[in-house]
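Colleague: Need the 3D shape of this:
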Amino acid sequence: MSAPHNRRYNKIAMSSDLRRFPFVQLDVFSSRPFEGNSLAVFPDGRGLSDQHMQAVAREMNLSETTFVLPRDPATEWERGVRVRIFTVQEELPFAGHPTLGTAFALRGSTGAGEVALELNAGRVPVRFEDNAGQPVFGEMTQVEPKFGLIHDRETVVRATSLRDGDIDPSLPIQTISTGLTFTIVPLRGLDVIRRLQVDLARSSEYLRQTGGGKFFYFVTRETVDHAARLHARMLFYGGEDPATGSAAGCATAWMVAHGVAQPDERVLIEQGLEMLRPSRIFVRASCLDNRVVNVRVGGNAVEVLRGEVSF
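Modeller: Model (predicted):
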């Protein structure tokens, strides 16, 4: 690069008019770097407009990016730390790995036993467990589950371009929300879920018409890790999500409601293996008066980099 170009570049790069917003990036639902689901957390997003937040999320190009909006300590104690969640396309009222990862980032090295977030979907507490010789474990309590439509198998096969016989006939296809709505689709085994190819346009239209949320969450009881209860995949926006904590919460309620897991039994959902981003999502839920309640989704998180965005 020529000297004049260098001088012009440095003048732009060092401009005092630039605003600088630090961020930290974590891998969530894993205790090892380069696994799990990546998340960028901006610990102070004050001064960013909605349009700026969306533009920054597009620039980060991760599944989600979160923006913390600090408030006075009394308000945060009562209502939680205000956090907004953006994908590359839109703002979400709730999402699992951004909630867990942001709580880990806010906790830092404080040793706090709980960090509560105020999301668009409401207040979500994240509790932490410190056990000697093990990575810190965080567990969020999602909003109470809402059970929706049980779907016809043949209709779902047509809507998704699955093959006849791919769906496990012993379990229902059901729409559930624990802050974000998903439709849980049980498949027969690993062979089926590994060759999964979904017509996203047709499936999105079907889900829109039936109130089934935006995405299917495909699961099978056959797993790679024998300690896992479900193997899961979630395809979206023409890609795939390595760990979907919001969908895992819905699957938790589904498992307890239909006998795949017992009330208050903590079980493992494995996800992301097909992407070489293995994720370990630990889930449990309770029962009260024949209702599934107290859905909890947890795992680990590890910091992988720090930086700043300037504009």
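Colleague: Which parts of the chain are helices?
Modeller: Ranges of helices in the chain, per DSSP state H, are 3-13, 50-60, 73-79, 96-107, 153-160, 190-194, 200-210, 245-257.
Colleague: any idea of the mean pLDDT for the fourth one?
Modeller: In other words, helix 96-107. The pLDDT scores in helix 96-107 average 97.
Colleague: Could you do the second one as well?
Modeller: Confidence over helix 50-60 (mean pLDDT, whole number) is 98.
Colleague: And that helix, what's buried?
Modeller: The neighbour-count check on helix 50-60 (16 or more other Cβ atoms under 10 Å) flags 52, 53, 54, 56, 57, 60 as buried. C-betas here are computed from N, CA, C, even on glycine.
Colleague: Among those residues, which one sits closest to residue 173?
Modeller: residue 57 (31.3 Å; Cβ to Cβ).
Colleague: ok, now how distant is the closest one from residue 152?
Modeller: The spacing between residue 57 and residue 152, counted by Cβ to Cβ, to the nearest Å, is 36 Å.
Colleague: And residue 206, by the same measure?
Modeller: According to Cβ to Cβ, residue 206 and residue 152 sit 11 Å apart.
Colleague: higher neighbour count, these two?
Modeller: Between residue 206 and residue 152, residue 206 has the larger neighbour count (other Cβ atoms under 10 Å), namely 19 against 12.
Colleague: re the thing from before, okay if I get the helices of the chain as CSV plus distance to residue 88?
Modeller: As requested, the helices of the chain are exported to CSV (distance: least, Cβ to Cβ, whole Å):
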stretch, distance to residue 88
helix 3-13, 26
helix 50-60, 5
helix 73-79, 28
helix 96-107, 13
helix 153-160, 23
helix 190-194, 25
helix 200-210, 15
helix 245-257, 17
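Colleague: between these, which one is nearest to residue 219?
Modeller: Nearest to residue 219 among these is helix 245-257; the distance by Cβ to Cβ comes to 6.0 Å.
Colleague: Give the buried residues for the closest one.
Modeller: Neighbour-count burial for helix 245-257 [16+ other Cβ under 10 Å]: 245-257.
Colleague: now that helix, how far from the chain's geometric center?
Modeller: 13 Å (Cα atoms, centre = their mean, to the nearest Å).
Colleague: what stretches of the protein score poorly on pLDDT?
Modeller: By pLDDT under 70, the weakly predicted segments of the chain are 1-16, 238.
Colleague: Quickly list the domain ranges of it.
Modeller: 3-141+301-310, 146-298 (automatic domain parsing).
Colleague: Quick check: which of these is buried the most?
Modeller: With neighbours defined as mean count of other Cβ atoms under 10 Å, the domains of the chain peak in mean count at domain 146-298, which reaches a mean of 19.
Colleague: what's the span of that one from first residue to last?
Modeller: 20 Å (Cα to Cα, to the nearest Å).
Colleague: same check, this time on stretch 265-284
Modeller: End-to-end span of stretch 265-284 (Cα to Cα): 6 Å.
Colleague: Can you give the distance of that stretch from its chain's centre?
Modeller: The answer for stretch 265-284 is 12 Å, by Cα atoms, centre = their mean.
Colleague: Which single one of the buried residues of helix 245-257 is nearest to residue 110?
Modeller: The nearest member of the buried residues of helix 245-257 to residue 110, counting by Cβ to Cβ, is residue 245 at 22.4 Å.
Colleague: Report the contact partners of the closest residue to the closest one other than its chain neighbours.
Modeller: With Cβ to Cβ, 6 or more residues apart in numbering as the criterion, residue 245 has its nearest non-adjacent residue at 1.6 Å, and that residue is residue 96. Contacts were defined as Cβ atoms under 8 Å, 6 or more residues apart in numbering; by that measure residue 96 touches 140, 142, 243, 244, 245, 246, 247, 248, 249, 281, 297.
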